[in-house]
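Chemist: Pasted the sequence and its predicted model underneath.
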Amino acid sequence: MNLSRVLTVNLVFFTAVLVLLQSSAFSYSLPSNYDEIYPYYLKFCSTSRWSPKYDAPWGVKTGHALLYIKGARIVSIPQSELDDMYNHIGNKEVIYPKRLEAYPEKEDMSSVEKGVGLSVDYGLVNVNFFLVPSYSYYFKGAFNLDPKCSFTKDKQDEMIRNLVQEGLFDDIVLDDNAHPEGKKDLSKEEEKLFVADYAFGTDWAISMSRASYCLNLPINRKTLEKVVSYVNHLNENLQGGRGAPYRGIFVHRTKGDERYHWNAIYDNCATTAHNVFAAIGAVPPTPANEPLIRQLPYFALPANSFLRIHNEVNLQDFDVDAFYNDPILRDALLQDDWLPVSHGTFLERIDFYSPNEAYNYNREMVMRPHLVLKRYKHAGSDTLDGILEDERFSYQEEINGSYSLPHLRYYEERYQQALEDIKEKKQSVFFNRKVSDNSEYGIFVEKFERLITEKLQEVRRMLNVQKF
């Protein structure tokens, strides 16, 4: 394994602790009709640790951050654009010929499969992340196993061969250091098999080796398009990144190439997934590729990003002034008619596949303790399983079929309180003076009130029929 990777991973563990995930009799999934109600959403996941039973020549046994974009799909970049990129860069190895786009507006989006999984990993050269089409490929490896059938290394090898035949990772370039023995002379077919094997259980077929703790944030069409644009820009920025301010110790150095460089401190799996949520205002951003003296206090850990996003979207008050004072959220409402405040923001656990002869279920998850204990609210619990047990945030099918009622009532109360606060605010002299001085603020408040009113009406309709 690359020495710098070992050192940075050890530094992460030096400043973090291992939290033991609990086992539970309940299954925390999404309602069966979730995709019918919410055709577009973001799923952020923090996974348990990777622990193979076989002798794996690569991999670091840490948790991982995942992002599934429901409503996006992978498309090829037109050849004319690729030719322009080749002419500009002069190095075909750093060009990735695919990007994301939103599904057509008239597409039936009621299937969970119509999305793309993103996964950042060590060794990538021409992309910031793996792009994996469909929920099944991302979490299950698109391999239908009998629930009573044990998962084995032979079945894993079969899944890898199937993925290679589909050509899903044909355009991925890995660094020589990703190979366990350094640079190796592999045929094209051998390289494809290596990439698929290298990524297995971390970047695709994730549930075969890990459990995933996820948060689902409903978004609208305009916000989806903003997410797609941001994600595409991350890869396009690699190709134009030479000469940009980049990392360093006390001050920025200069980036000397157009490729991606994974690093546990500067830019890791949680950095990208977290900052996609930040790009739409759902959570404050986490810095990336800053000088070490500024970067170190902010290095991203998957579990802590999960908790930060949960805190921001499920627990913070709906404060219209706070939303307006955030330029990203201000634009989100004024331009896109959206804010990260919505019922349907469910937590879930996607379970580790069992019985399993290829991987252990390692329940340890890395967290930074001062973040867990001091900076975030946790609905009465400091464990991820404890948060899932809170009926306000999760769907528990086993509880009398009334899984959605506590969640909907919680959001009904939040919407009611937000509208009462707006009503009181409008009665103040200060508010009228502020509106007369800033017409945009008045427009924002009106749109905020209308959005919350619509959401309150929707929640009450659901409560009346007691159906999510």
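Modeler: The structure has been received and is ready for your questions.

Chemist: In the protein, where's the longest helix?
Modeler: helix 439-465 (DSSP state H).

Chemist: which helices and strands does that one pack with?
Modeler: With contacts defined as 3 or more CB pairs under 8 Å, 6 or more residues apart in numbering; DSSP states H and E, the packing partners of helix 439-465 are helix 320-325, helix 327-336, helix 405-426, helix 429-437. The way it works is simple: take the backbone N, C-alpha and C, and place the C-beta from them, glycine included.

Chemist: between those helices, which one is nearest to I249?
Modeler: Among the helices and strands packed on helix 439-465, helix 327-336 comes nearest to I249, with 30.3 Å by CB to CB.

Chemist: for the following helix or strand past that closest one, what is the average pLDDT?
Modeler: Heading C-terminal from helix 327-336, the first helix or strand you meet, by DSSP states H and E, is strand 347-350. Along strand 347-350, the predicted confidence averages to a pLDDT of 94.

Chemist: which residues touch strand 347-350?
Modeler: 24, 27-30, 45, 139, 206-207, 211-216, 310, 385, 387-388, 393-395 (CB atoms under 8 Å, 6 or more residues apart in numbering).

Chemist: Kindly recompute the last result at 6 Å.
Modeler: Counting by CB atoms under 6 Å, 6 or more residues apart in numbering, the neighbours of strand 347-350 from elsewhere in the structure are 28-30, 139, 207, 212-215, 388, 393-394.

Chemist: now those: which count as buried?
Modeler: 28-30, 139, 207, 212-215, 388, 393-394 (16 or more other CB atoms under 10 Å).

Chemist: Inside helices: which ones of those?
Modeler: Going by DSSP H, the helices hold L388 from the buried ones among the contacts of strand 347-350.

Chemist: Specify which member of the buried ones among the contacts of strand 347-350 is nearest to N87.
Modeler: Nearest to N87 out of those is F139 (CB to CB; 39.0 Å).

Chemist: what sits against that closest one?
Modeler: Remark: with contacts taken as CB under 6 Å, 6+ apart, F139 is in contact with 206-207, 350.

Chemist: at 10 Å what do you get?
Modeler: F139 makes contact with 43, 45, 66, 68, 112, 117, 132, 204-208, 210, 212, 214, 350, 353, according to CB atoms under 10 Å, 6 or more residues apart in numbering.

Chemist: Restricted to buried residues, select the residues you listed in ChimeraX.
Modeler: The buried subset of these, as determined by 16+ other CB under 10 Å, is captured in ChimeraX by this line:
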select :43,45,66,68,112,117,132,204,205,206,207,208,210,212,214,350,353
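
Chemist: Kindly present the contacts of strand 347-350 as CSV, with separate columns for pLDDT and distance to K53.
Modeler: Converted to CSV, the contacts of strand 347-350 look like this (pLDDT from 0 to 100; distance: CB to CB, whole Å):
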residue, pLDDT, distance to K53
Y28, 78, 26
S29, 86, 26
L30, 90, 30
F139, 96, 20
S207, 95, 16
S212, 94, 20
Y213, 93, 23
C214, 96, 25
L215, 97, 30
L388, 85, 27
F393, 92, 33
S394, 89, 30
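
Chemist: Let's see which of those residues end up in strands.
Modeler: When strands are assigned by DSSP state E, the members of the contacts of strand 347-350 inside them are 28-29, 212-215.

Chemist: can I get those residues in a markdown table with distance to D319?
Modeler: Converted to a markdown table, the ones in strands among the contacts of strand 347-350 look like this (distance: CB to CB, whole Å):
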| residue | distance to D319 |
| --- | --- |
| Y28 | 29 |
| S29 | 32 |
| S212 | 31 |
| Y213 | 28 |
| C214 | 27 |
| L215 | 21 |
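
Chemist: Show me the two of those residues that sit farthest apart.
Modeler: Of all pairs drawn from the ones in strands among the contacts of strand 347-350, the greatest distance, 13.3 Å, lies between S29 and L215 (CB to CB).

Chemist: Please identify every residue contacting each of these two.
Modeler: Residues touching both S29 and L215 comprise 346, 348, with contact defined as CB under 10 Å, 6+ apart.

Chemist: Domains of the chain: list them as residue ranges, please.
Modeler: 3-396, 405-465 (automatic domain parsing).

Chemist: Out of those, which one sits most buried?
Modeler: With neighbours defined as mean count of other CB atoms under 10 Å, the domains of the chain peak in mean count at domain 3-396, which reaches a mean of 18.

Chemist: and the gap between the spatially closest residue to H310 that is not a sequence neighbour and W204?
Modeler: Counting by CB to CB, 6 or more residues apart in numbering, H310 lies nearest to L215, which is 5.6 Å off, once chain neighbours are set aside. Using CB to CB, to the nearest Å, L215 is found at 21 Å from W204.

Chemist: Then I219?
Modeler: Using CB to CB, we find I219 at a distance of 23 Å from W204.

Chemist: Please apply the same query to G243.
Modeler: When CB to CB is applied, the distance between G243 and W204 equals 34 Å.

Chemist: What of L174?
Modeler: From L174 across to W204, the span is 15 Å (CB to CB).

Chemist: With Q427 instead?
Modeler: From Q427 across to W204, the span is 55 Å (CB to CB).

Chemist: ok, back up a step: separation between the residue nearest to H310 and P340?
Modeler: With distances taken as CB to CB, L215 is found 11 Å from P340.

Chemist: Just give me the residues shared between the contact sets of the two.
Modeler: Joint contacts of L215 and P340 (CB under 10 Å, 6+ apart) are 42, 277, 282, 309, 313-314.

Chemist: I figured E105 hits N220, correct?
Modeler: No - E105 sits out of contact with N220 when judged by CB atoms under 10 Å, with a separation of 11.3 Å.
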